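J.: Structure for this input, please:
(one chain, ligands or ions: 1)
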Amino acid sequence: MDITQAIKERKSIRAFKPDPVKLELLKKIIKQAQRAPSWANTQPWEFAVVTGKKLKVIQEACVQRGAQDMQNSQSEVARPYDFPEPYISRIKKLQASESRGRTREMTKEDFEARFADNARHYGAPACIYLLVGKNFIYQDEGVNAWSMYDCGSVVQNIMLLAVNYGLGTIAQAMAVVYPDIIRKELGIPEDKLIALGIAIGYPDWDAPINKGTRDREPLDEIAKFYGF
Ligand SMILES: Cc1cc2nc3c(=O)[nH]c(=O)nc-3n(C[C@H](O)[C@H](O)[C@H](O)COP(=O)(O)O)c2cc1C
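T.: Numbers count the residues shown, from 1 in each chain. Just a heads-up that it's a prediction; the model follows:
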């Protein structure tokens with residue numbers, strides 16, 4: 001598949017078919033994605049790839065934990081709590097686009113159901129958890145941002161390669177907000193940061209939640225060109 005086509009087609013998938021993803025295909029994707037650039041070729045990424053019963057246990061434990069206390073995220077990745085402009089407007093625009101076509105306001109029950117779907121990794125048959133050594137990502141000055149940048153590159157490679165092989169993905173902060181659940185189930189040691197989950201599987205294209213695409217800002221708002 002042409003790279004521009006893969007970029008155009010990639011979007012976050014929030015409903016998957018139950019069909020399993022073959023181990024060999026996941027290995028191939030990760031091996032190819034490893035060509036991502038990284039700071040001094042440090043390749044700070046590691047992956048824990050899970051499917052089947054083990055993943056189901058994690059997904060349902062996350063749903064249960066979320067239902068007990070939605071606000072109680074134990075994410076090991078610093079997240080924003082302050083949303084200045086222009087970011088807050090972009091979030092609001094996204095929320096407005098999501099409610100379009102709905103005949104009524106989102107109720108508390110709708111919100112809880114959406115939260116549970118998110119905690120369940122949208123029911124994906126496989127998940128690639130991204131791990132980073134804490135001794136590298138945490139420096140005296142704070143978080144080593146270059147490593148996060150490197151991880152973003154490899155994650156994007158995974159997501160584009162997935163499209164190439166007929167799969168869909170969603171990068172999910174929500175998949176790793178209860179890292180103790182993942183640690184316990186997979187035996188991941190404390191010195192690894194569980195940075196992100198990439199839910200992966202065959203998209204359910206009939207699901208309304210997978211329809212449409214999310215907007216991007218106009219080019220002149222985000223890029224300036226000099227010396228042309
Ligand atoms: C680091 C990261 C974390 C994300 N976490 C979540 C998440 O927990 N739940 C979710 O539904 N979407 C999550 N997303 C998906 C974004 O909402 C999505 O990428 C964005 O709205 C743009 O839509 P698109 O991917 O379909 O183009 C995450 C994306 C990134 C890059």
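J.: Off-centre distance for the longest helix along the chain?
T.: Among the segments of the chain that qualify as a helix by DSSP state H, the longest is helix 145-164. Average the C-alpha atoms of helix 145-164, do the same for its chain, and the two points are 10 Å apart (C-alpha atoms, centre = their mean, to the nearest Å).
J.: Any chance you could list what contacts the following helix or strand past it?
T.: Past helix 145-164, heading to the C-terminal end, the next element that is a helix or strand (DSSP states H and E) is strand 168-172. Under the criterion C-beta atoms under 8 Å, 6 or more residues apart in numbering, residues 10, 12-14, 16, 118, 121-122, 124, 155, 158-159, 162, 196-203, 210 lie in contact with strand 168-172. (C-beta placed from N, C-alpha, C; glycine too.)
J.: Does the ligand have contacts with strand 168-172?
T.: Yes: in terms of C-beta under 6 Å from any ligand atom, part of strand 168-172 sits within range of the ligand, namely 170-172.
J.: Run the angle between that strand and helix 145-164 for me.
T.: Strand 168-172 and helix 145-164 meet at an angle of 160 degrees, taking axes from the mean of the first three to the mean of the last three C-alpha atoms, to 10 degrees as the criterion.
J.: Quickly run through the sheet partners of the longest strand anywhere in the chain, with directions.
T.: For the chain, the strand that runs over the most residues, judged by DSSP state E, is strand 192-201. Partner strands and pairing direction for strand 192-201 (DSSP bridges) are strand 126-133 (antiparallel), strand 168-172 (antiparallel).
J.: What average pLDDT does the shortest one get?
T.: Predicted confidence along strand 168-172 averages 98 (mean pLDDT).
J.: May I see the buried residues of the helix or strand following that strand?
T.: Per DSSP H and E, strand 168-172 leads on to helix 179-186 as the next helix or strand towards the C-terminus. Residues of helix 179-186 classed as buried by neighbour count (16 or more other C-beta atoms under 10 Å): 179, 181-182, 186.
J.: now the residues you listed as a markdown table including pLDDT and distance to the ligand?
T.: Conversion of those to a markdown table gives the following (pLDDT from 0 to 100; distance: C-beta to the nearest ligand atom, whole Å):
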| residue | pLDDT | distance to the ligand |
| --- | --- | --- |
| P179 | 96 | 14 |
| I181 | 96 | 15 |
| I182 | 97 | 14 |
| L186 | 98 | 19 |
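J.: Closest one of those to K108?
T.: Proximity of the buried residues of helix 179-186 to K108 was ranked by C-beta to C-beta; the top entry is I181 with 24.7 Å.
J.: Now do the contacts for the closest one.
T.: With contacts defined as C-beta under 8 Å, 6+ apart, the neighbours of I181 are 58, 61-62, 65.
J.: Ramachandran angles for M106?
T.: phi -70, psi 120 (degrees, to the nearest 10).
J.: ok, the closest residue to R214 other than its chain neighbours - how many residues close by?
T.: Leaving aside its chain neighbours, R214 sits nearest to L94 (6.3 Å; criterion: C-beta to C-beta, 6 or more residues apart in numbering). The tally of other residues near L94 (other C-beta atoms under 10 Å) stands at 12.
J.: I'd guessed L94 sits against T213; true?
T.: No: taking contact to mean C-beta atoms under 8 Å, the distance of 11.5 Å between L94 and T213 leaves them out of contact.
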